[in-house]
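Engineer: Turn this into a structure:
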Amino acid sequence: MRQRWLAYDESAGFAAEFPTADTRADDLLLLYFTSGTTSKPKLVGHTHASYPVGHLSTMYWLGLQPGDVHLNLSSPGWAKHAWSCVFAPWNAEATVLAYQYERFRAKDLLERIVTCGVTTFCAPPTVWRMLIQEDLSQWPVSLREVCSAGEPLNPEVVAQVQQAWGLTIRDGFGQTETTAQIGNPPGQHVKRGSMGRPLPGYSVVLLSPDGMPSDEGEICLTLRIAHSA
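Structural biologist: This is a model prediction of the structure:
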């Protein structure tokens, strides 16, 4: 073991003091690279307000409440890990369940969801497709909210989860450099095939190739409100 490291079972009760400093809301907090899906990755800076406070939209989409046990399956290399494993549950005063595994097995995950009393769960579509290979009705989950993000989720998966657990998987959309922008929040009608509505804090428009508002087009965020504030 490296010097000054503690084994996990020896860490209970360990306390350390770290230097503190006063910070402003617009001070730099962290840096994220964009995913590079459509162009080269770009470095995006976030302040003490833009990510922590900005993730109120993510908390709203996930439906997190104080006292929830929240499980999110996302590796630390993805911004979704910060979204749902740090900032959104932090804002909601929820407990974060960290599930570590070397090889994914749907039965093991379902067992953990049951034994740990998970109430809110978010996973990418790949995981949901693997979960429905099991008889979900045999697992007495305590789930209240179930979400998916990363790519469109096919209606067949949504229907099987609904039949087994009586819960509707709610899609959400955002970007590495933002918080959740569009989603299906709890309590609102979920239209099949739709990823949702603009979430609080975002003004979303669809623009045609000539840059004009349209019923179909590219998802864009209007900055007019922010500029006039």
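Engineer: From now on I want contacts and neighbour counts done on CA atoms only, so please keep to that.
Structural biologist: OK.
Engineer: And for P52, nearest residue in space, chain neighbours not counted?
Structural biologist: F87 (5.6 Å; C-alpha to C-alpha, 6 or more residues apart in numbering).
Engineer: Give me the pLDDT for the one you found.
Structural biologist: Predicted confidence (pLDDT) for F87: 94.
Engineer: dump the residue contacts of it.
Structural biologist: With contacts defined as C-alpha atoms under 8 Å, 6 or more residues apart in numbering, the neighbours of F87 are Y51, P52, H55.
Engineer: and H55, how many residues sit next to it?
Structural biologist: 26 (other C-alpha atoms under 10 Å).
Engineer: Please read the previous query as pertaining to N72.
Structural biologist: Using other C-alpha under 10 Å, N72 has 21 neighbouring residues.
Engineer: just checking, the residue nearest to P52 is part of a helix?
Structural biologist: Yes: under DSSP: H, G, I helix; E, B strand; the rest coil, F87 falls within a helix.
Engineer: starting at the chain centroid, how far to stretch 162-172?
Structural biologist: 16 Å (C-alpha atoms, centre = their mean, to the nearest Å).
Engineer: Report the buried residues of it.
Structural biologist: By neighbour count on 16 or more other C-alpha atoms under 10 Å, the buried set for stretch 162-172 is W165, L167, T168, I169, R170, D171, G172.
Engineer: Let's see that stretch as PDB, backbone CA atoms only.
Structural biologist: Provided in PDB are the C-alpha atoms of stretch 162-172 (Å, rounded to 0.1, in the frame of the first residue of the first chain):
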ATOM      1  CA  GLN A 162     -43.900  -0.700 -17.400                       C
ATOM      2  CA  GLN A 163     -45.500  -4.100 -17.400                       C
ATOM      3  CA  ALA A 164     -43.100  -5.600 -14.700                       C
ATOM      4  CA  TRP A 165     -42.800  -2.600 -12.300                       C
ATOM      5  CA  GLY A 166     -45.500  -0.200 -13.200                       C
ATOM      6  CA  LEU A 167     -42.900   2.500 -13.900                       C
ATOM      7  CA  THR A 168     -42.300   4.500 -17.100                       C
ATOM      8  CA  ILE A 169     -38.700   5.000 -18.100                       C
ATOM      9  CA  ARG A 170     -38.200   8.700 -18.700                       C
ATOM     10  CA  ASP A 171     -35.700  10.000 -21.300                       C
ATOM     11  CA  GLY A 172     -33.500  13.000 -20.800                       C
END
